[in-house]
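[1] sequence unavailable; structure follows:
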């Protein structure tokens, strides 16, 4: 009877989760190893004749075929399978480490994935916080044994959501770290690319490398007109958010 009351009262929470995860996971392919193609249900063609299948066969036969790897990465992007696309880009970039277009595409995809995964982590964290802040224990208030069971019950209910939130946060950080490495390669290849310097600064900030963030954002500001609206925002971000944290930077490599 007690747990039936909990189940009924928490129904809105699970509806919230269903909506969040439906958009975050099913439509966007986030949080799974393979992603989900939202057009699969239309059953266009067979997997044996798909470009992905053919290109997978090519790279399996010849792992040094850079052209096949980049085509495979782009095919995965088209099929809305971002994690496979990221893996294919990584294989291509190992073979062609100076391809600026591929470095840009791969880092952008990684940054997008990090953002989406982070949003899903926040959804799990909201539910974990709901339990940890007494959402479950409030249902037990007034019962004679509530003080002895409410906290353990809250912890038990929060635990799987907290674990998933932590795992997804780690995945997002891994994506940003990889994007950062690609952005650093781009900065060395094209130091006057203002867009990349800005992205490099943001990625560095997200992984708490504030020294690198400051260096990249200052480089960006030197490359764009002072009256550029974005430049004004970047300068404010640099002075108010980045520079005060320079003493706590995890490391300070140059771009």
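    Thanks, I have the structure now. Please read all numbers here as calculations on a predicted model, not as lab measurements.
[2] where does the stretch 1-150 of the chain have low pLDDT?
    Residue ranges of the stretch 1-150 of the chain with pLDDT under 70: 1-49, 134-150.
[3] try the stretch 151-255 of the chain
    Residues of the stretch 151-255 of the chain that meet the criterion pLDDT under 70 lie in 151, 248-255.
[4] what comes up buried for the helix or strand residue 215 falls within?
    Secondary structure assignment for residue 215, by DSSP states H and E: helix 210-223. By 16 or more other CB atoms under 10 Å, the buried positions in helix 210-223 come out as 210-221, 223. No exception for glycine: its C-beta is placed from N, CA and C like everyone else's.
[5] with stretch 119-129 instead?
    Using 16+ other CB under 10 Å as the test for burial, stretch 119-129 gives 119, 120, 121, 123, 124, 125, 127, 128.
[6] after the helix or strand harbouring the last one comes which helix or strand?
    Think residue 128. Residue 128 is part of helix 100-132, with elements assigned from DSSP H and E. Counting by DSSP H and E, the next helix or strand C-terminal to helix 100-132 is helix 146-189.
[7] mind giving me the packing neighbours of the helix or strand harbouring residue 94?
    For residue 94, the host element (DSSP H and E) is helix 82-95. Judged by 3 or more CB pairs under 8 Å, 6 or more residues apart in numbering; DSSP states H and E, helix 82-95 is in contact with helix 66-78, helix 100-132, helix 146-189.
[8] of all those helices, which one is nearest residue 241?
    Closest to residue 241 of the helices and strands packed on helix 82-95 is helix 146-189 (CB to CB; 16.3 Å).
[9] got the angle between the next helix or strand along the chain from that closest one and helix 146-189?
    Per DSSP H and E, the first helix or strand lying C-terminal to helix 146-189 is helix 194-206. For helix 194-206 against helix 146-189, the angle by axes from the mean of the first three to the mean of the last three CA atoms, to 10 degrees is 150 degrees.
[10] packing partners for helix 194-206?
    Checking 3+ CB pairs under 8 Å, 6+ apart, helix 194-206 ends up next to helix 100-132, helix 146-189, helix 210-223, helix 229-237.
[11] show me what the longest one is packed against.
    This points to helix 146-189. Here helix 146-189 touches helix 82-95, helix 100-132, helix 194-206, going by 3+ CB pairs under 8 Å, 6+ apart.
[12] next, the buried residues of the first one.
    Neighbour counts over helix 82-95 (16+ other CB under 10 Å) mark 82, 83, 84, 85, 86, 87, 88, 89, 90, 91, 92, 93 as buried.
[13] okay but the fifth one is in contact with residue 109, surely?
    Yes. Between residue 86 and residue 109 there is a contact at 6.0 Å, judged by CB atoms under 8 Å.
[14] and the protein, what are its domains?
    The chain breaks down by automatic domain parsing into domains covering 2-190, 197-255.
[15] quick one: contacts for residue 196?
    Applying CB atoms under 8 Å, 6 or more residues apart in numbering, we find residue 196 in contact with 104, 183, 186, 187, 190.
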